[in-house]
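Chemist: predicted coordinates and the sequence they were generated for:
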Amino acid sequence: MPRKFLRKGVPVTSGSRYEAEAEYESPNQAVLPQELWRNIVEEVASDSNSDSRRETLCNLSLTSRSLCAEAQRILYRNLLMHDGTPIVGKISRALHGGAAKHVRSLHVANYHGVPGRRGRSSETFFFSLPFDRMDNLHSLNIDSKQFLMNRDRALELCKFLNTSLKANSLTTFHSSMLLTPSLCYLFETQNKITDLSVTGIDEALGFSQLQNPQFLPVLKRVKVTFCSGTTLKELVRTRPIAVICSPPYLEDLEPCLACASHLVALDLSRVLMTGVDGLDSTQRIVSAAVNLRFLLSYRLIFYPDEIDLPNRVFSVFHTLANLQAFGIILEFRDPMPHVGDNATDQLPVNAIEDVVLPHHLQTLFVSNTRHNLSARVTITQLRQRTSNNGWEIHDKQGNLDPVEWFNSEILDI
């Protein structure tokens, strides 16, 4: 029987006719231990170019039975899809065909709601995915621009997830919806969630739910985009919160800092500070969060007559004796247009040259941006402590995302 090949880009699914077509192996083909096949595929998966990585894994999945199994494991391990698009249908068929067992994390962008809207096939929607077969799904991220702010639509989603997800399977839940009574009802069956991100906390949700020790009992990371300080305090107070991503206003964060005894990492990057306001707020943070080991600062905006401001503001953090990784975000606003050959040649001001750093600091990340009327230039600098107590410095022109750096530092928390 002649060997058959699949069309490029069609997902290969375990137990399906596609696998049968891809399983042909020559009688003379070398037999390697499965561990070696896994090492080969893992090496391919380390490619930083996601498009190249995906294409290579798809090609590997069509070469032999051994490589097909390992390539599928990587291909479907972390899924990103845009709801209501044809690729969802392809992924859905692959998951129904047997690949569902490989899924560990699922990120659904542009969530549409109920299937079949605007005449599209229901297979192109999130609701068609076989959640009952995703035995290893631990992380779920559902994004939607304003769609999930509608209570009825959010309720519809919560009901679906409550009947579809395996109990206590999730450890991470991120969504652009409010923490509502219906979402709380879902969380009552998901007691292993350690990482939670929501847009806000519904006013209809009483403090009694947040104070219940059986509700999200092992929560360690929390991000609430908009929330009153009192409500956030109730969410944090009775739980082992180690990481907080602050709301955009410090007055909503400060009430919970004193009661967050487990807090070791704080992301303030959504907070915008100007002038001496930053100095007062910094002092309050340092006084309340004394055990911080990882800190990403707020965005400090300063002007030509405030060149010494960053040194004054960030030197206050030197009293954080346990701080190991520190991220600083600077934005220098120059109201005058650049006069010269090229506006992009006007580099950011080195405004933290004399900043006093915490004694045990191992990593310093600085995102330094200069704005003027004609250009915006960003330089990212990463300093790492050397064995002789000096600094190894890496400069990069461009915008290396400070939040990505911070998240890479706290992976083990």
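Modeler: Cool, got the structure.
Chemist: contacts only, for the closest residue to residue 241 other than its chain neighbours.
Modeler: Counting by CB to CB, 6 or more residues apart in numbering, residue 260 is the residue found nearest to residue 241 once chain neighbours are left out, at 5.3 Å. Any C-beta I mention is one placed from the backbone N, CA and C, and that applies to glycine too. When contacts are counted by CB atoms under 8 Å, 6 or more residues apart in numbering, residue 260 touches 236, 237, 241, 244, 289.
Chemist: wait, what's in contact with the last one?
Modeler: Just to be clear, that refers to residue 289. The contact partners of residue 289, taken as CB under 8 Å, 6+ apart, are 257, 260, 263, 266, 320.
Chemist: where does the prediction get shaky in the stretch 301-413 of the chain?
Modeler: Applying pLDDT under 70 to the stretch 301-413 of the chain flags the ranges 336-349, 351, 354, 397-399.
Chemist: circling back: sort out for me which of the contacts of residue 260 are in helices.
Modeler: Mapping these onto helices (DSSP state H) picks out 236, 237.
Chemist: are any of the contacts of residue 260 buried, and which?
Modeler: Buried by 16 or more other CB atoms under 10 Å: 236, 237, 241, 244, 289, out of these.
Chemist: what residues does the fourth one make contact with?
Modeler: Shown here is residue 244, whose contacts under the criterion CB under 8 Å, 6+ apart are 221, 222, 223, 236, 253, 256, 260, 263, 265, 266, 267.
Chemist: quick revisit: flag the least confident of the contacts of residue 260.
Modeler: Confidence by pLDDT is poorest for residue 237 among the contacts of residue 260, given 88.
Chemist: for it, give me its contacts.
Modeler: Residue 237 touches 211, 256, 259, 260, counting by CB under 8 Å, 6+ apart.
Chemist: need these in CSV with pLDDT, can you?
Modeler: Listed next are the contacts of residue 237 as CSV, based on pLDDT from 0 to 100:
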residue, pLDDT
211, 87
256, 89
259, 86
260, 86
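Chemist: immediately after the least confident helix or strand in the chain by mean pLDDT, which helix or strand?
Modeler: Least confident helix or strand, the chain: helix 17-22 with a mean of 43, by mean pLDDT, DSSP states H and E. The helix or strand immediately downstream of helix 17-22 is helix 34-45, counting by DSSP states H and E.
Chemist: contacts for that next one?
Modeler: With CB under 8 Å, 6+ apart as the test, helix 34-45 has contacts from 53, 56, 57, 60, 66, 67, 69, 70, 71, 73, 74.
Chemist: helix, strand, or coil at residue 161?
Modeler: helix (DSSP: H, G, I helix; E, B strand; the rest coil).
Chemist: actually residue 382, sorry about that
Modeler: Put simply, residue 382 is strand when judged by three-state DSSP.
Chemist: surely it touches residue 367?
Modeler: No - between residue 382 and residue 367 there is no contact under CB atoms under 8 Å: 10.0 Å.
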